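Asks: predicted model, plus sequence, below.
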Number of protein chains: 4
Amino acid sequence: MSSDIFPVVFGICLDAEAIWTGQNPEAQHRPVMLSQGVFAVREALNPLLDLLDENGVRSTFFIPGVTADKYPNAVRLIQSRGHEFGSHGYNHRSVLTISPEEDAQEMVQGIEAIERITKIRPRIWRSPSWEWSPRSMDLMLANGVDISTNFHDTLRPYRHTRDGKPVSLVELPVQWHLADAPYFRYGGQIGRVIHSAAQVEAIWQEEFDALYEMPGTFFHLTLHVQLIGHPGRMKMLQRFTRHMRGHSRVRFMNSTETAALVP
Amino acid sequence: MSSDIFPVVFGICLDAEAIWTGQNPEAQHRPVMLSQGVFAVREALNPLLDLLDENGVRSTFFIPGVTADKYPNAVRLIQSRGHEFGSHGYNHRSVLTISPEEDAQEMVQGIEAIERITKIRPRIWRSPSWEWSPRSMDLMLANGVDISTNFHDTLRPYRHTRDGKPVSLVELPVQWHLADAPYFRYGGQIGRVIHSAAQVEAIWQEEFDALYEMPGTFFHLTLHVQLIGHPGRMKMLQRFTRHMRGHSRVRFMNSTETAALVP
Amino acid sequence: MSSDIFPVVFGICLDAEAIWTGQNPEAQHRPVMLSQGVFAVREALNPLLDLLDENGVRSTFFIPGVTADKYPNAVRLIQSRGHEFGSHGYNHRSVLTISPEEDAQEMVQGIEAIERITKIRPRIWRSPSWEWSPRSMDLMLANGVDISTNFHDTLRPYRHTRDGKPVSLVELPVQWHLADAPYFRYGGQIGRVIHSAAQVEAIWQEEFDALYEMPGTFFHLTLHVQLIGHPGRMKMLQRFTRHMRGHSRVRFMNSTETAALVP
Amino acid sequence: MSSDIFPVVFGICLDAEAIWTGQNPEAQHRPVMLSQGVFAVREALNPLLDLLDENGVRSTFFIPGVTADKYPNAVRLIQSRGHEFGSHGYNHRSVLTISPEEDAQEMVQGIEAIERITKIRPRIWRSPSWEWSPRSMDLMLANGVDISTNFHDTLRPYRHTRDGKPVSLVELPVQWHLADAPYFRYGGQIGRVIHSAAQVEAIWQEEFDALYEMPGTFFHLTLHVQLIGHPGRMKMLQRFTRHMRGHSRVRFMNSTETAALVP
């Protein structure tokens, strides 16, 4: 990539209840646990969209099909604000634990749900748990997906290869420490820690500041509406976004624009 | 809600031994583990009531029936200081793991235990683990409960609905990160972390400061007498309460007063 | 207790290998894991004894019988420096998981091991995991133990009762957050966190400062030679001990002296 | 050791995918999880080698045989920059969970893989999980290994003994809190915490500063290329290395040079 610009990509998951039901269908009988996901739609989405607007951020939203079908107006609202969509599977199930048939079905139905509402077929795929099954590449290529945001192996976008030859699939790598979930996700579990927003800001900022000095890299932030959307964390995101804006080479770009930089 | 005031609600659990025996009846044979709960009654309650008095805070105490029956004088003392009561079940058992019969029994007996001692029937219910069973709404409506403090889906009080129609039940939502338990509860478990009071103050304060600026929201703090009642944490609570008092629109209100603001 | 003085008690566990073998006898085949315990004797004990001397601290050491029998010179060294001893069981096994016969045997053999080396029969007992079995009080009374340091229910020493009547057993309560183990113990386990010494100092100090202002309380610090004995943590303990010494009512006392203040 | 100098040893693990496949062969079917290891070779190794060069650090790299065979150019690159190698087993499997035959095989094949590429037979061994099996000493002595970096029992290098007599094996002890893994390793596990680089710097620095004042000790830092190699952490390592260089008695030494100081 050109070293004249430094792409900053916000990949934002709107999972809502699916974050719980995807792991465990029994969770559908736990309305209070699910309410942590409902928070994303009822309370958090609007202020987050405003924050993105104010800072000129066009981002990529990943929405499981089941969530899109339940909240089509949320999908349309996001679209109307200029953001693009990636597929996030249909039921938010891990691709490592399902059959080959289910794997294909999750891919197809997840894409179709987004297309049905937005009238645009998504060409980006993030698996619900940042995993690839042995079939994932084939499924993406067969379904017109040309951007994956799952791997952790580099600090820069790259083109995938098969048998040593480049394929029509670009990877925008992610990092656990540049997501919100490890710090904020909490369901009452022993051993899970809730960080302060300020602690998370420190981690993201020390990494941003160092990446910004490395030619050819980019900054890929992973957010979940239901986690980042609490007010104290939103203020932190506002501060952190302004911090990034203060760097002259920063360009807020969506996944498609960033992938286009890869030869 | 009016944006002229900003309600601050303290929901305080006095579980004592029931925090352990509710999860695991075998815990009744572990006197030292139980002593962490006894601390609430023997040592922590009086200073906490003084702190609330000094700051003009009238709060809502949630006490499992078994604890109320064991420590009726503690219940009377709390009542004499002007606080109200919610029901917290009888045995502090999760409503997700019990039979329909036990579920009903926990609701009824939990309410009756408080009523027997205070002569006032509680109209507020918080489940022992912030959960609703499929029967919880029916059980509340049948037993005269019109305030629930269990859900996490919004930042503001709201009225529950059934089949799209409002019912006589108001929700005062809570948040895990605005409770003391995730930071202070510790029974020797691998992986459980003990935070400093100052770290918890930072998390609560960043959220309070941000919420205060959002019209229509409120601040709902969840405390456990046995956790917050240690001296260093009490000093933090004193500091944090004064911080809130320094905001002109803050009104310390109990659950009933806050629920009354919902149309 | 008199409010003219503020007792500070250091209860120090020298478990060495027994911290691992007590939980799991298989650990005897894991020399590297055991070496974390050996560190206490080979490296950490001497600097810790010096630090206690420099600050005029006479403390109570809790040593499992198996450790005392393996390292009698360490026991004699501690004794020569003016510290007293409590019993800590023989094999550092949890009293909740053993048979009544084993429970009695652990108590008797643990006491006898210390007596054999020091020529003084210990009258203090801390169970290996801060627990009492249903037999613990009887076993203590039958074996001449009149101080227990296990419970968490108050902030002040008190006399135990049976059937409402005081017995010849005083409790010096402890607290998890005033021990070093929750912050420093680490054996590679997922989810276990290693704190900085400075973070632990902050927690202990906020609690000390608040307790110091509460008449009738005391400060009871629980240390493990193998955990606190690392150099950065020792510097913190030095700072923290000096901080406490800077308070005029502080008296460093051992368990026996502190228990003697209870009527 | 002479107190005129203070040895600082960097022991650096280049595990790549083997960190996952060694624990669980099924991980070979999880390309995204493995990509966290690939990061070490694709992105992190070069900047780390530069940092070591700039600071005049010659270190010891521990590379499982399977990783060396997969990335021989990485091994040659490290060698060309003046670092030495230790053996880290072949498949990065725990020596506690394998048969005696496998134990011997892991030792022999791990050594031979390194020798095959570097033309130098490694004389240093660190087990994949800092453990010794009952056979480890015999296996090391039989295979020409004379430095072990596994134990936690002292703060200074020492010679191992058998039946009370010194053998040709020197130990360079390590400490969990002076490694990067407890703070940075993360694979999505509940309860695992990601620290900021600044928090880890604080822990390492408080320990370094205290050790530096203790005659006869040394500082032994354990790093994993895939963990420390993220940009924000690299900046911290740069700061911390400069902090150490600012101490006049500091000498950056590899394991062989440090072990040679032991009589």
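Replies: Ah, there it is. Numbers count the residues shown, from 1 in each chain, chains lettered A, B, ... in the order given.
Asks: ranges for the strands of the stretch 1-150 of chain A?
Replies: With strands called from DSSP state E, counting those that start in this stretch, the stretch 1-150 of chain A shows them at A:6-13, A:60-63, A:84-87, A:124-125, A:147-148.
Asks: what's the closest of those to residue C:258?
Replies: Closest approach to residue C:258 among these (C-beta to C-beta): strand A:6-13, 55.1 Å. (Each C-beta comes from the backbone N, C-alpha and C, glycine too.)
Asks: thinking again about what came up before, most tightly surrounded among the strands of the stretch 1-150 of chain A?
Replies: Mean neighbour count, computed with mean count of other C-beta atoms under 10 Å in any protein chain shown, is highest for strand A:60-63 among these, reaching a mean of 28.
Asks: quick one: is that one near chain D?
Replies: No - against chain D, strand A:60-63 shows no contacts by C-beta under 8 Å from any C-beta of the partner chain, the least distance being 15.3 Å.
Asks: using CSV, write out every CA atom in that strand.
Replies: C-alpha atoms of strand A:60-63 as CSV (Å, rounded to 0.1, in the frame of the first residue of the first chain):
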residue,chain,number,x,y,z
THR,A,60,-18.3,-2.0,7.6
PHE,A,61,-21.1,-3.6,9.6
PHE,A,62,-21.2,-7.3,10.1
ILE,A,63,-24.7,-8.6,10.9
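Asks: up against chain B, what does the stretch 51-200 of chain A have?
Replies: A:184, A:186, A:187, A:188, A:190, A:191, A:192, A:193, A:194, A:196, A:197, A:198.
Asks: what's the closest non-adjacent residue to the first one?
Replies: What sits nearest to residue A:184 in space, not counting adjacent residues and going by C-beta to C-beta, 6 or more residues apart in numbering or on different chains, is residue A:227, at 4.1 Å.
Asks: does the one you found really touch residue A:237, like I thought?
Replies: No - in this structure residue A:227 lies outside contact range of residue A:237 using C-beta atoms under 8 Å: 10.7 Å.
Asks: look up how far residue A:91 lies from the residue lying closest to residue A:94 once chain neighbours are set aside.
Replies: Excluding its sequence neighbours, the residue lying closest to residue A:94 (C-beta to C-beta, 6+ apart) is residue A:129, at 4.7 Å. Distance of residue A:129 to residue A:91, computed by C-beta to C-beta, to the nearest Å: 12 Å.
Asks: output the lowest mean pLDDT helix or strand found in chain A.
Replies: Least confident helix or strand of chain A, by mean pLDDT, DSSP states H and E, is helix A:18-21 with a mean of 90.
Asks: tell me what it is packed against?
Replies: helix A:31-39, helix A:65-70 (3 or more C-beta pairs under 8 Å, 6 or more residues apart in numbering or on different chains; DSSP states H and E).
Asks: residues contacting the residue of the stretch 51-200 of chain A found nearest chain C?
Replies: The nearest approach of the stretch 51-200 of chain A to chain C comes at residue A:191, 4.3 Å away (C-beta to the nearest C-beta). For residue A:191, the contacting residues are B:189, B:190, B:191, B:192, B:193, C:191, D:190, D:191, by C-beta atoms under 8 Å, 6 or more residues apart in numbering or on different chains.
Asks: if we can go back for a sec, redo the strands of the stretch 1-150 of chain A as TSV? Include distance to residue A:37 and mean pLDDT.
Replies: Formatted as TSV, the strands of the stretch 1-150 of chain A follow (distance: least, C-beta to C-beta, whole Å; pLDDT from 0 to 100):
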stretch	distance to residue A:37	mean pLDDT
strand A:6-13	11	98
strand A:60-63	12	98
strand A:84-87	18	98
strand A:124-125	21	98
strand A:147-148	25	98
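Asks: fine, thanks again, bye for now.
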